[in-house]
Structures are given as structure tokens and as C-alpha cells.
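# sequence and predicted model, in that order:
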Amino acid sequence: MNQYIAKLSGNNQQTLQEHTEKLLENLEILKKYIQLDKETEKALYLACLFHDIGKASKEFQAKITKQKPQPKQEIPHNLLSAVIFYFLRNPYFKDNKRLFEKIQYAIAYHHDRHDVDIDKPESILDDFANRVENDLKDWILEKLKSFEITQLNINKEKLSIALISALEFKNQSIKYKDLLKDKQTILIKGLLHRLDHAASADVE
């Protein structure tokens, strides 16, 4: 399995798996101090698991390791992460589309980078999907067992649709006005930020 770098500072680095595992460890600690209902707990777990999957992209890895030449175009990793999460939508959120949207929003906008100024994003999406399929899918499914999620079928013909879905929160903000102000949405996104920062600093 390729070890994708999520964080790099001097000689210190965290792989994508290490960073994500740290978030999930910190989530278990958080649950001892904050009482979350089961639905919010599940949503936050999924947001933590998927939030940085986009860092497996060739473009992100080139940037963080300062490879030359640097990529001229990229899709922000937070949006790529939401692209992969999209493929849990129909199998597992058919009866709770609203919860799916809350998690998708938290993943896609846990960073402010959400501009995609690329004429043809298909090649970036295809390469990224291959990396997830070959290097991360088994690990992701292992982490999803406790929620009885056993499939992650990444349909390459729908990668662009998945990206558009993630961008809709910005492009159609009026449509999602109530969702973005929803207390559960704010809680999921806020706690994801907190857990992400703590894991990045390697503190609890």
C-alpha cells in the first residue's frame, strides 16, 4: 500500500492513515466529555474518516513533497474527499439524504479552498479514483465495518457528478440555507475542525 503524506513539517510527517487514525482516537476521547446522539456520532465518525482522503491525489502529494515540476492545476483535497464520500449516498443514505448532505458539507468545506478552475477535471478525478481504489479502499471499508457499510463502489462515470454535488453548497447556497444553519450541521463541522487541528498538532 502506498503511504500518502497528509502532514509534513520539517522532518516530521503524518501519513494519511496515521492522521485519520489520530482523529478517530481523539473522537473516542471527545465522546467521554460530550454526549452525542447516535446519529451525530456516526456522522462525525464518517466526516473524520473521509475528510482528508483527497490528499491521496497526485497533485497534493507533489505539492506537499515539493516535487518539480509542480502541478499547474489541481482540485482541492477537501472537494476530492467529498467526491469519494458521494458514493456512499445511494446504498446507505437513501432514507436520510439530509444527514448525507450534512456530512458531505462538513467534508467538502472543512477548508476554505473550494474553487475548481479547471477546463477538464476528468483526468485528475480518474487518477485520484484509481489511487483510492488500489491503495485506500480496503482500509476505508475496514473502518466502516462497525456501521455495517460493506461497499464503496466508485463509479468513474459519475466522478464529475460527485464533484458537482460537493460544489452545490457554494453554487446554490440559497437552496441549502437551512441546512447550513442547522445545529447538527454546525456541530459536525465544528467538531471535525477541532479534531483535525488536534490530530495535526499531535495533541489530544
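Yep, it's here.

# thought I140 was touching D52?
No: assessed by C-beta atoms under 8 Å, I140 is found out of contact with D52, at 11.8 Å. (Glycine included, C-beta is placed from N, CA and C.)

# which of those two has more residues huddled nearby?
Neighbours per residue (other C-beta atoms under 10 Å) separate I140 from D52, with D52 holding more: 28 against 18.

# find the nearest non-adjacent residue to the more buried one, please.
Once flanking residues are discounted, D52 sits nearest to A6: 5.5 Å by C-beta to C-beta, 6 or more residues apart in numbering.

# the one you found: neighbouring residues, count only.
The number of residues near A6, taken as other C-beta under 10 Å, comes to 24.

# pretty sure it sits in a strand.
Yes: assignment of A6 by DSSP: H, G, I helix; E, B strand; the rest coil places it within a strand.

# gap between it and N12?
12 Å (C-beta to C-beta, to the nearest Å).

# and for L152?
From L152 to N12 the distance is 31 Å (C-beta to C-beta).

# equivalent analysis for L44, please.
L44 sits 26 Å away from N12, going by C-beta to C-beta.

# so which of those two has more stuff around it?
Using other C-beta under 10 Å as the criterion, L44 and N12 rank with L44 on top: 26 against 8.

# my guess is that one meets I188, correct?
Yes: at 5.5 Å, L44 counts as touching I188 under the criterion of C-beta under 8 Å.

# low-confidence stretches in this protein?
Residues of the chain meeting the criterion pLDDT under 70: 1, 113-117, 202-204.

# spit out the contact partners of the residue nearest in space to the middle of the chain.
Central residue of the chain (C-alpha atoms, centre = their mean): H51, 2.4 Å from the mean position. Counting by C-beta atoms under 8 Å, 6 or more residues apart in numbering, H51 touches 20, 23, 78, 81, 106-107, 110, 192, 196.
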